[in-house]
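Asker: here is my input; please provide its structure:
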Amino acid sequence: MKILIFFLIALEPIGEKRIEFKGKITIYADEYIYSSKEKIYLFSGNILLRGENFEMNAPVAIYDELEKKVFITGGFFLRTKEETVEGDEVEYDVETGNWKITMGKAEVKRGIYSLEAEGIKRKKEMDYEISCGSFTPCRCPDGIPSWSIEGRKMELKNDWFIIKDGNFSVKNTPLFYFPYLAVPVVKERKTGFLIPKMGYSERDGFQFYQPFFITMGEDKDLTIEGDILTSRGIGGKGIFRYAIPYDSYMELKGSYFLETSSQNGYFFDVIKKNEQRYFLEENSILNWRNFSL
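Answerer: Below you'll find the model as predicted:
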């Protein structure tokens, strides 16, 4: 690549400032030179590469008409709707839209996190393959994140980071190793299963609790949970939360449990077989001074 750049610089500059390639990208530059023999363009000076959903700034860019690829060196800065990426070098495939980035750093607005890596392959927005990289949600003025996750191989698929052969670090100090880890990286709440809880006691036996979270907008949500206690019975819980305007709040809790065996409970409570237990509670904080009819 260095030999090719030297050869192109020896040619006379054409002087045009804007070229569009197959309607997919447009490159703006102070000047460029063209080799009709090699079918290669060399752009220099205040380069702006603009695609359908991205813009990129760089000092030097090469477009290969035969390979349909753009090669950029000397540093670059890429912007899309959801992310910003910067690095030392990048190769962009005009036909597929794939990026290969060397020594790159990306900040993703969705989920608010950043990643750094020796090599980044960007297939599309929010879809990365990363080699020898790290990611963190921290925004640290001193450049040292409060915590981060490093991995030999990493993938960002939509809203999940898949890390293989990785470490969890605090202040850049590795604390423990894991062979595989999947981490959600979104700031928006989503409906789905939460981490289950398990335990064991002589009275209840093996305990299993599986919560399920339902988002109902920015100000409301509902969590329902199924409970299994092998020595006692089955049941469920529900919690509805509502963030009312003007610094007000409401929470409604309810539960149901069916006892499947008879035994002594706590504080002289006798548990009877097939006994049904119910619970309902409401908590709220209303700032009446800010309400008006």
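
Asker: in space, what's closest to residue 190 - neighbours in sequence excluded?
Answerer: Nearest non-adjacent residue to residue 190, counting by C-beta to C-beta, 6 or more residues apart in numbering: residue 215, 6.3 Å away. (Each C-beta comes from the backbone N, C-alpha and C, glycine too.)

Asker: what residues are bridge-paired with that neighbour?
Answerer: Per DSSP bridges, the residues bridged to residue 215 are residue 221.

Asker: Provide a list of residues in contact with it.
Answerer: 189, 190, 191, 221 (C-beta atoms under 8 Å, 6 or more residues apart in numbering).

Asker: thought residue 217 was touching the third one, still the case?
Answerer: Just to be clear, that refers to residue 191. No - when contacts are counted by C-beta atoms under 8 Å, residue 191 is not listed as touching residue 217 (11.4 Å).

Asker: shaky segments in the stretch 101-250 of the chain?
Answerer: The stretch 101-250 of the chain contains residues with pLDDT under 70 at 109-112, 125-126, 139-142, 187.

Asker: the same query, at a cut-off of 50, please.
Answerer: In the prediction, the stretch 101-250 of the chain carries no residues with pLDDT under 50.

Asker: what is the burial count for the spatially closest residue to residue 40 that is not a sequence neighbour?
Answerer: Spatial nearest neighbour of residue 40, chain neighbours left out: residue 64 (5.5 Å); criterion: C-beta to C-beta, 6+ apart. Counted with other C-beta atoms under 10 Å, the neighbours of residue 64 add up to 16.

Asker: against residue 224, how distant is residue 64?
Answerer: To residue 224, residue 64 is 57 Å away according to C-beta to C-beta, to the nearest Å.

Asker: now do residue 276
Answerer: 18 Å.

Asker: looking at the two, which has the bigger crowd around it?
Answerer: Legend: neighbour count by other C-beta under 10 Å for residue 276 and residue 224, higher for residue 224 (15 against 11).

Asker: SS state for that one?
Answerer: Each residue gets one of three states, and residue 224 gets strand by DSSP: H, G, I helix; E, B strand; the rest coil.

Asker: again with residue 20
Answerer: Recorded secondary structure, residue 20: strand (three-state DSSP).

Asker: for the residue nearest to it when sequence neighbours are not counted, list each beta-bridge partner.
Answerer: Once flanking residues are discounted, residue 20 sits nearest to residue 26: 4.6 Å by C-beta to C-beta, 6+ apart. Using DSSP bridges, the bridge partners assigned to residue 26 are residue 20, residue 50.

Asker: neighbours around residue 26, how many?
Answerer: Neighbours of residue 26 under the rule other C-beta under 10 Å: 13.

Asker: from residue 17, how far out is it?
Answerer: Applying C-beta to C-beta, the value for residue 26 to residue 17 is 11 Å.

Asker: thinking again about what came up before, now the contacts of residue 215: which count as buried?
Answerer: Neighbour-count burial (16 or more other C-beta atoms under 10 Å) is assigned, among the contacts of residue 215, to residue 221.

Asker: take stretch 87-98, keep the C-alpha atoms, and write them as CSV.
Answerer: Taking C-alpha atoms only, stretch 87-98 is exported to CSV below (Å, rounded to 0.1, in the frame of the first residue of the first chain):
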residue,chain,number,x,y,z
GLY,A,87,-9.2,4.6,14.7
ASP,A,88,-5.9,4.4,12.9
GLU,A,89,-6.9,2.7,9.6
VAL,A,90,-10.1,1.4,8.0
GLU,A,91,-11.1,-0.6,5.0
TYR,A,92,-14.6,-0.1,3.7
ASP,A,93,-16.3,-2.4,1.2
VAL,A,94,-18.7,-0.4,-0.9
GLU,A,95,-20.6,-3.4,-2.1
THR,A,96,-21.3,-5.1,1.2
GLY,A,97,-21.1,-2.1,3.5
ASN,A,98,-18.6,-3.9,5.8
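
Asker: can you tell me how far the residue most central in space within the chain sits from residue 211?
Answerer: Centroid-nearest residue in the chain: residue 185, 3.3 Å away (criterion: C-alpha atoms, centre = their mean). Separation of residue 185 from residue 211 (C-beta to C-beta): 21 Å.
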